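Visitor: model the structure of this input:
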Amino acid sequence: MLDISGLTWAVTIGLIVVLLAVDLVLASLRPHRVGFGEATAWSVFYVLVAVGFGIWFAGQYGGAAGTEYFAGYIVEKSLSVDNLFVFVIIMTTFAVPEKHQHKVLTFGIVLALVMRAIFIAVGATLLSLFSFMFLLFGLLLLFTAVQLFRHRNEDPDVENNVVVRTARRVLPITDDYVDGKLVTRLDGRRMVTPLFVVLVAIGGVDLLFALDSIPAVFGVTDEPFIVFAANAFALLGLRALFFLVKGLLDRLVYLSAGLAVILAFIGVKLILHWAHVDIDTRVPEVPTSVSLGVIVVVLVVVVVASLLKTKNAPDTKAHAGSLRASRRQDDAGA
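Guide: Down below sits the predicted model:
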């Protein structure tokens, strides 16, 4: 285990909080349609921050630790792109005005960071106490990979999400967004706006992605600090990336299949690690450098193959993928 000082933790968390605070202030004080130029500038900025942190981290704690950070960052960044698919679906389903999408995304990122911080703490504790957790995490990732591949051409059914349906049933909801407010008073009655329901949907999505992404990054490194930093810096750029690539997401037709391959690979890596520790040290392990290479190759193949596919078949549209068949599809099949 790396000896990460309290000062390093404090400075890293402080940097993340400052960046989040800037995002929140911009979203609340100046709601507006985020253009391509602005989204590009912010995306480049967040990538440079993440890369700069990785270079500093490698210099301080060694090349192996730096490799683990960059591998974890790339895993989380690629999984975050799938998040973007679902965010687009949510924004479209609830017809969120463009000037309020910045606020929704920033809230989603903050909530995702909080949830993942909790999962990281729990996961790190379990892994330190029970080595068989590597086996359980590996099996979870394999199950997720199989389900994602099976339903790679589907989208999550947001409207039939149990949390969203419950919110609609028990809360009084206005018909419009009321200038981006979460709660308002109409005819003397306190009501929530559709934006509140959107945030509920985003929160549910964040929870599901945390359940998958944390075991995935623990497959690359078991250092809690690296897991947290990789997640945080990948998520910080998510808002800008949303506005930058939302027009291109429809072209990544093989992304869900590629993510399924990556999750399955990391699942196998975790299971091999468990077998090496608990069964026989002769069981081979997958080095982090190999993991990084496999992840990068899969992502490059996915992007190139997707662009070629949509060039030859322009009507082909990408899907976010789902872990289960949607109710709409079940009803259609019936």
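Visitor: and the strands in this structure?
Guide: 183-186, 189-192 (DSSP state E).
Visitor: could I get those strands as JSON lines with distance to Val268, mean neighbour count and mean pLDDT?
Guide: In this view, the C-beta of every residue, glycine as well, is placed from N, C-alpha and C. Putting these into JSON lines (distance: least, C-beta to C-beta, whole Å; neighbours: other C-beta atoms under 10 Å; pLDDT from 0 to 100) gives the following:
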{"stretch": "strand 183-186", "distance to Val268": "47", "mean neighbour count": "12", "mean pLDDT": "82"}
{"stretch": "strand 189-192", "distance to Val268": "45", "mean neighbour count": "14", "mean pLDDT": "86"}
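Visitor: go through those strands and name the closest to Thr93.
Guide: Smallest distance to Thr93 across the strands of the chain (C-beta to C-beta): 16.9 Å, for strand 189-192.
Visitor: got the CA coordinates for that closest one in PDB?
Guide: Extracted in PDB, the C-alpha atoms of strand 189-192 (Å, rounded to 0.1, in the frame of the first residue of the first chain):
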ATOM      1  CA  ARG A 189     -49.700  24.900  -2.600                       C
ATOM      2  CA  ARG A 190     -46.000  23.800  -2.400                       C
ATOM      3  CA  MET A 191     -45.000  21.700  -5.400                       C
ATOM      4  CA  VAL A 192     -41.900  20.300  -7.000                       C
END
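Visitor: contacts for that strand?
Guide: Leu171, Pro172, Ile173, Thr174, Leu182, Val183, Thr184, Arg185 (C-beta atoms under 8 Å, 6 or more residues apart in numbering).
Visitor: what pairs with the closest residue to the third one other than its chain neighbours across the strands?
Guide: Among residues not flanking Ile173 along the chain, Val192 sits closest, at 5.6 Å (C-beta to C-beta, 6 or more residues apart in numbering). Using DSSP bridges, the bridge partners assigned to Val192 are Ile173, Val183.
Visitor: report the distance from stretch 211-227 to the chain centre.
Guide: With C-alpha atoms, centre = their mean, to the nearest Å as the basis, the distance from the averaged C-alpha position of stretch 211-227 to the chain average is 13 Å.
Visitor: in that stretch, what counts as buried?
Guide: Neighbour counts over stretch 211-227 (16 or more other C-beta atoms under 10 Å) mark 212-227 as buried.
Visitor: any idea which of these is closest to Thr316?
Guide: Asp212 (25.7 Å).
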